[in-house]
Each structure stands twice: as C-alpha cells, then as structure tokens.
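K.L.:
below are the sequence and a predicted model; questions follow.
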Amino acid sequence: MALLITDDCINCDVCEPECPNDAISMGVEFYQIDPHKCTECVGHFDEPTCQVLCPVACIPLDPAWRETREELQAKYERLTADKANA
C-alpha cells in the first residue's frame, strides 16, 4: 500500500524534504502523497520515514492503494532507474 496524509496534517514541513522518492508535495490545504511514487520507503529505509517523523501521526496506509512488498520493491527499482536516466 502507499501511504496517505489525512486532514489531521498540521503542515509542519517535516515529511516533504525527507521523502526519498519525492512523493510528498503540498496539496490544496495540506501535504499529499503521490501513490505512484510512494514505496513506503522500501529500498531506502526499514520503515516509512514520513510516518516516523510525523508529530501528529496523520500518515496511515492508504486502503485504496494496495501493494505487496514485492510490488513496492519493483516500484523502487523503476523509480531509481528513471532517476538515474534523467
């Protein structure tokens, strides 16, 4: 699954610069996560950095975006290759 930032977000700016996939950006009212880029930090860290750093714990798994660990790893590899070729 990708992660999701809920409307409990206080826009503290902690998560965005720490996302290794650049999946987090400012939305209309609060930060949002692009599920096409979110790997739950698979390939980078043992656990999602944004969840660890979030002071209000507003970043749960997105139930609408289900992915296995293998799918997340494949997405990480694709994103890493795309970045290297850019």
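P.N.:
Done, it's in.
K.L.:
which phi and psi values does the residue most central in space within the chain adopt?
P.N.:
With distances taken as CA atoms, centre = their mean, residue 38 lies nearest the centre of the chain, 3.9 Å away. Backbone dihedrals for residue 38, given as degrees, to the nearest 10, come out at phi -80, psi 120.
K.L.:
burial count for residue 76?
P.N.:
Using other CB atoms under 10 Å, the number of residues around residue 76 comes to 19. Bear in mind the C-beta positions are built from the backbone N, C-alpha and C, glycine included.
K.L.:
so it sits against residue 43, correct?
P.N.:
Yes - assessed by CB atoms under 8 Å, residue 76 is found in contact with residue 43 at 3.2 Å.
K.L.:
pLDDT of stretch 41-51, averaged?
P.N.:
For stretch 41-51, the per-residue pLDDT values average out at 96.
K.L.:
which residues sit in contact with residue 57?
P.N.:
By CB atoms under 8 Å, 6 or more residues apart in numbering, the residues touching residue 57 are 8, 51.
K.L.:
could you say which helix or strand holds it?
P.N.:
Assessed by DSSP states H and E, residue 57 sits outside every helix and strand.
K.L.:
from residue 82, how far off is it?
P.N.:
Taken as CB to CB, to the nearest Å, the spacing of residue 57 relative to residue 82 amounts to 31 Å.
K.L.:
do residue 65 as well
P.N.:
For residue 65, the distance to residue 82 (CB to CB) stands at 19 Å.
K.L.:
more neighbours: the two, which one.
P.N.:
Here residue 65 and residue 82 are set side by side on neighbour count (other CB under 10 Å), and the busier one is residue 65, at 14 against 9.
K.L.:
where does the more buried one fall, helix, sheet strand or coil?
P.N.:
Secondary structure for residue 65, judged by DSSP: H, G, I helix; E, B strand; the rest coil, is coil.
K.L.:
distance of it from residue 17?
P.N.:
23 Å.
K.L.:
what packs against the longest helix along the chain?
P.N.:
Longest among the helix segments of the chain by residue count, using DSSP state H, is helix 69-85. The helices and strands touching helix 69-85, judged by 3 or more CB pairs under 8 Å, 6 or more residues apart in numbering; DSSP states H and E, number zero.
K.L.:
tell me the contacts of the residue nearest to the centre of the chain?
P.N.:
Applying CB under 8 Å, 6+ apart, the residues near residue 38 are 2, 3, 21, 23.
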